[in-house]
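Asks: Test case, fold it:
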Amino acid sequence: MRTSYLTLALALSAFAGHAAAQSYPAKPIRLIVPFAAGGGSDILGRMIGQKLAENLGVQVTPDNRPGASGIIGMDIVAKSPPDGYTIGIISTGHVVNPSVYSKMPFDTLNDLAPITLVATTSLMITVPNALPVKSLKELIALAKRRPGELNYASSGNASAQHLATELFKKTAGVNMVHVPYKGGAPALVDLVAGQVQVMFCSPSAMPYVKGGRLRVLAYGGSKRSTVLPEVPTIKESGYPDYEAVEWWGMYAAAKTPPAIVTRLNAEIGKVLSHARKEGAARPVNALVYVGDCMEEDIDDLRRAFADWSNSYSQRLWRHKKKNGEVIPVRVTSFNLEFAGRRARLGVIEDLTERMQAEERAKQSEQRYRELLQERGGGT
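Replies: Residues are numbered from 1 along each chain as shown. Just a heads-up that it's a prediction; the model follows:
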């Protein structure tokens, strides 16, 4: 009898999920962008949201929730009802956060349902036009002459830009100071103004490059960009093991009905297919739009995850098609042979130790202030 009740409950649950998917979407969709407005994630999210709203016939509202390398925004997605009405766009740092932050408010792998890989790009090492360097070699020479004097920007701790620059520092043997921001847009503003001197930028910086306010010294990818074919890769510049790419993906809350995930995957895929065609006609940035998560589409993502992550390096999300539905599948093991992996894991370990030391220092300072107050002292 107990087995019969369980079978009936499962059947009713499946029926309810199917029924919800049939009427989806019946109200506005909230699109969480866990970074500040104007950055790569925001630009992509708003482009997808606008076209998705047109295709689905409901409002899709972008909601910027920056902070903690995307953790604050994605925590909202993870804890939202699993009905497909709250989704989020994330980038590379999402898979690195669990290795760097000692406490996470959600389980990166188990509390979120992947919808689709959105886009990938090579990060480009960029400087203000006023900085007196014309090549990567000259930048390295300047950094070695002035150790600890050049500042580099990123969209936050453990972001793709942060990790890419730390790896570059390790590879080139230079010392630059990290200045984290709550997103790529405010970081880019200060880079253009010369408040910081270096940043590994996404294509959101391209208007400033075309306008002559920023200079790209090298690409972090394995080959040159078609947008700026005269700019060499870092590999070509004497560092053959170096590679830095960024990717973006869409997530919903875990336990979102597979039929709803399938619908979102298909509709976002249509948006990105259109973007691919527009990009081929007007190549204004270096984004590669993906729009699906078949195994062959995420080889670069798998390598990036395995290469950057530490404690999570043996696991990654992917999709596989089964009976027309998109089913999340966790990869538990795969070959991790990849040039430069040891150096990247070294970066993660160094970064983790540094952030933990900073956190301990903050706690010690806070405790010291509390003791002063208890004793009636000042600050």
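
Asks: tell me the domain ranges of this structure?
Replies: Domain segmentation of the chain under automatic domain parsing yields 16-118+245-331, 124-243.

Asks: pLDDT below threshold where in the stretch 1-150 of the chain?
Replies: Applying pLDDT under 70 to the stretch 1-150 of the chain picks out residues 1-21.

Asks: Sketch out the helices for it, chain order is fine.
Replies: With DSSP state H, counting those that start in this stretch, the ranges of helices along the stretch 1-150 of the chain come out as 2-23, 40-56, 71-78, 93-100, 136-145.

Asks: Likewise for the stretch 201-350 of the chain?
Replies: With DSSP H, counting those that start in this stretch applied, the stretch 201-350 of the chain shows helices at 206-210, 258-281, 299-308, 341-374, listed in chain order.

Asks: Out of those helices, name the one with the poorest average pLDDT.
Replies: Comparing mean pLDDT across the helices of the stretch 201-350 of the chain, the lowest value falls on helix 299-308: a mean of 47.

Asks: could you dump the domains of the chain to a markdown table with mean neighbour count and distance to residue 373?
Replies: For the C-beta atoms, the positions are set from N, CA and C on the backbone; glycine is no exception. Written out in a markdown table, the entries for these read as follows (neighbours: other Cβ atoms under 10 Å; distance: least, Cβ to Cβ, whole Å):
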| stretch | mean neighbour count | distance to residue 373 |
| --- | --- | --- |
| domain 16-118+245-331 | 19 | 26 |
| domain 124-243 | 20 | 30 |
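
Asks: Look up the residues forming beta bridges with residue 62.
Replies: residue 31 (DSSP bridges).

Asks: State which strand of this protein is the longest.
Replies: If you go by DSSP state E, the chain has its longest strand at strand 112-122.

Asks: Dump the C-alpha coordinates for it into PDB.
Replies: Only the C-alpha atoms of strand 112-122 are listed here, as PDB (Å, rounded to 0.1, in the frame of the first residue of the first chain):
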ATOM      1  CA  LEU A 112      20.700  25.400  -9.500                       C
ATOM      2  CA  ALA A 113      19.500  23.900 -12.800                       C
ATOM      3  CA  PRO A 114      21.500  24.800 -15.900                       C
ATOM      4  CA  ILE A 115      19.500  26.100 -18.800                       C
ATOM      5  CA  THR A 116      22.100  26.700 -21.500                       C
ATOM      6  CA  LEU A 117      25.600  27.900 -22.200                       C
ATOM      7  CA  VAL A 118      25.100  31.400 -23.700                       C
ATOM      8  CA  ALA A 119      28.500  32.700 -25.000                       C
ATOM      9  CA  THR A 120      32.200  32.400 -24.700                       C
ATOM     10  CA  THR A 121      35.000  34.900 -25.400                       C
ATOM     11  CA  SER A 122      38.700  35.400 -25.100                       C
END
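
Asks: Check which helices and strands it sits against.
Replies: Based on contacts counted as 3 or more Cβ pairs under 8 Å, 6 or more residues apart in numbering; DSSP states H and E, the elements that strand 112-122 packs against are helix 40-56, helix 71-78, strand 245-253, helix 258-281, strand 288-289, helix 299-308, strand 316-322, strand 325-331.

Asks: hmm, try it at 6 Å
Replies: For strand 112-122, the contact count by 3 or more Cβ pairs under 6 Å, 6 or more residues apart in numbering; DSSP states H and E identifies strand 245-253, helix 258-281 as packing neighbours.

Asks: isn't residue 36 right up against residue 66?
Replies: Yes - counting by Cβ atoms under 6 Å, residue 36 touches residue 66, with 4.5 Å between them.

Asks: Quick check: neighbours shared by the two?
Replies: Jointly contacting residue 36 and residue 66 under the rule Cβ atoms under 6 Å, 6 or more residues apart in numbering are 182, 183.

Asks: hang on, the earlier thing: what strands line up against the longest strand of the chain, and which way round?
Replies: Here strand 112-122 is paired, per DSSP bridges, with strand 245-253 (antiparallel), strand 288-289 (antiparallel).

Asks: any idea which of the ones you listed scores lowest on pLDDT?
Replies: Among the strands paired with strand 112-122, strand 288-289 carries the lowest mean pLDDT, a mean of 61.

Asks: Need the distance between the two termini of stretch 75-87.
Replies: Using Cα to Cα, to the nearest Å, the end-to-end distance of stretch 75-87 comes out at 11 Å.

Asks: Same check on stretch 25-44?
Replies: By Cα to Cα, the extent of stretch 25-44 from end to end equals 21 Å.

Asks: Could you do stretch 130-137 as well?
Replies: With Cα to Cα as the measure, stretch 130-137 spans 17 Å from end to end.

Asks: same thing with stretch 239-258?
Replies: Using Cα to Cα, first and last residues of stretch 239-258 are 44 Å apart.

Asks: Identify the residue spatially nearest to residue 111, adjacent ones excluded.
Replies: On the basis of Cβ to Cβ, 6 or more residues apart in numbering, the spatially nearest residue to residue 111 that is not a chain neighbour turns out to be residue 78, at 4.1 Å.

Asks: Report the separation between the one you found and residue 253.
Replies: Residue 78 sits 6 Å away from residue 253, going by Cβ to Cβ, to the nearest Å.

Asks: cool, and residue 175?
Replies: 42 Å.

Asks: same deal with residue 26?
Replies: Taking Cβ to Cβ as the measure, residue 26 and residue 253 are separated by 17 Å.

Asks: what does residue 179 give?
Replies: According to Cβ to Cβ, residue 179 and residue 253 sit 33 Å apart.

Asks: Surely residue 59 is in contact with residue 29?
Replies: No - between residue 59 and residue 29 there is no contact under Cβ under 6 Å: 7.3 Å.

Asks: Isn't residue 88 up against residue 77?
Replies: Yes - the pair residue 88 / residue 77 is scored as a contact, 3.9 Å apart, by Cβ under 6 Å.

Asks: Identify the bridge partners of residue 126.
Replies: Residue 126 has the following beta-bridge partners by DSSP bridges: residue 199, residue 216.

Asks: Good, we can wrap up now.
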